[in-house]
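A.B. asks: Fold the following.
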Amino acid sequence: MGARWAQMRAAAVAAEEAGFDGLWTWDHLRDPEGGAGSRVPEVWTVLSALAEVTRRVMLGPLVLNVSSRHPGVLANMAATLQEVSGGRLLLGLGAGGHRRLPYAAEHESLGIAVEPDQVRVQRVAEATQVMRRLWAGDASSFAGTHYRLERPSGFLRPEPPPPIIVGGFGPRMAAIAGRHADGMNTQAGHPRLTELIRTARDEHAAAGRDPARFIVTVFGGLRESYLKRDSPARASLERAGVERLILLLEPPFEPARIQAAGRLLG
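C.D. replies: Modelled structure (predicted):
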């Protein structure tokens with residue numbers, strides 16, 4: 001929120017040099033607290049540019065609102081970024097903000113409907129199915145509640161397909177993540193973190209997939225307790241089965257602070 005590309009580029013280079021493993025950015029169109037001076041760079045454009053200024057780190061949106069893009073278009077965008085980045089994409093998907101969140105205004109101001117919770121959840125599940133079909137070259141038709149495919153063929157197929165990480169904060173989204181995706185994302189300090197992870201892994205196993213390969217990512221603030229490997233906070237997340245810890249940083253993204261954080265990581 002409020003960042004400029006030059007700041008984001010410098011931060012990305014500093015993070016990769018400091019030893020971090022990934023870069024994530026928001027999928028929003030405006031800052032709800034920014035007023036008339038709001039500026040939020042578009043997520044896919046930024047990630048594509050970051051793929052060219054980095055070489056090692058994974059890249060991902062935290063997380064894409066499936067209501068903003070048809071999953072067929074999104075599948076092609078993701079396949080393109082997977083190629084541009086050399087296979088470094090982690091594709092974060094989510095249901096988008098409900099009417100009680102300030103982010104709803106960015107859609108309402110553009111005439112995009114903010115749908116009920118159940119509808120938004122269903123869209124996430126169907127979007128993952130549409131994308132996987134297109135990535136696999138499945139030419140059969142698909143008729144869901146929200147999306148349709150009519151004998152699709154010739155769409156870009158990523159090699160390998162990027163993992164899909166579904167973001168959410170409750171058991172319903174955890175179940176969707178486990179059943180349809182390759183991983184889930186939620187808050188590091190979520191009071192029911194262990195329960196959500198268990199729900200997702202159980203659904204993953206029920207779908208005939210290996211729960212040990214399910215990717216759990218969480219986000220929290222950039223602080224020393226998360227940076228030191230032997231800290232109780234890190235140990236707690238590792239016991240819960242968390243694979244990736246995403247640390248939030250606000251602009252102006254001071255490179256010196258990022259480098260200092262990297263030194264704590266060792």
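
A.B. asks: Just want the most central residue of the protein.
C.D. replies: The centre of the chain sits closest to residue 92, judged by Cα atoms, centre = their mean, with a distance of 2.4 Å.

A.B. asks: Could you double-check that that residue sits in contact with residue 58?
C.D. replies: No - using Cβ atoms under 8 Å, residue 92 makes no contact with residue 58, being 11.0 Å away. Every residue, glycine included, has its C-beta placed from N, CA and C.

A.B. asks: which residues of the stretch 1-150 of the chain fall in strands?
C.D. replies: Assigned by DSSP state E, counting those that start in this stretch, the strands in the stretch 1-150 of the chain fall at 22-25, 58-61, 64-65, 91-94, 142-143, 148-149.

A.B. asks: which secondary element of this protein has the worst mean pLDDT?
C.D. replies: Least confident helix or strand of the chain, by mean pLDDT, DSSP states H and E, is helix 104-108 with a mean of 87.

A.B. asks: Return the list of helices and strands in contact with that one.
C.D. replies: In terms of contacts (3 or more Cβ pairs under 8 Å, 6 or more residues apart in numbering; DSSP states H and E), helix 104-108 is not packed against any helix or strand.

A.B. asks: Can you give the contact residues for it?
C.D. replies: In this structure, residues lying in contact with helix 104-108 by Cβ atoms under 8 Å, 6 or more residues apart in numbering are 28-30, 32, 67-68, 96-98, 113-114.

A.B. asks: please redo it, this time with the cut-off set to 6 Å
C.D. replies: 29-30, 97, 114 (Cβ atoms under 6 Å, 6 or more residues apart in numbering).

A.B. asks: I'd like the residues you listed as a markdown table, with distance to residue 104 and neighbour count appended.
C.D. replies: Shown next, in a markdown table, are the contacts of helix 104-108 (distance: Cβ to Cβ, whole Å; neighbours: other Cβ atoms under 10 Å):
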| residue | distance to residue 104 | neighbour count |
| --- | --- | --- |
| 29 | 12 | 18 |
| 30 | 11 | 17 |
| 97 | 5 | 19 |
| 114 | 5 | 19 |
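
A.B. asks: which among the residues you listed gets closest to residue 157?
C.D. replies: residue 29 (29.2 Å; Cβ to Cβ).

A.B. asks: Okay, that closest one and residue 75: tell me how far apart.
C.D. replies: 21 Å (Cβ to Cβ, to the nearest Å).

A.B. asks: on that earlier part again, quick one: which of the strands of the stretch 1-150 of the chain is nearest residue 245?
C.D. replies: Nearest to residue 245 among the strands of the stretch 1-150 of the chain is strand 22-25 (9.8 Å), distances taken as Cβ to Cβ.
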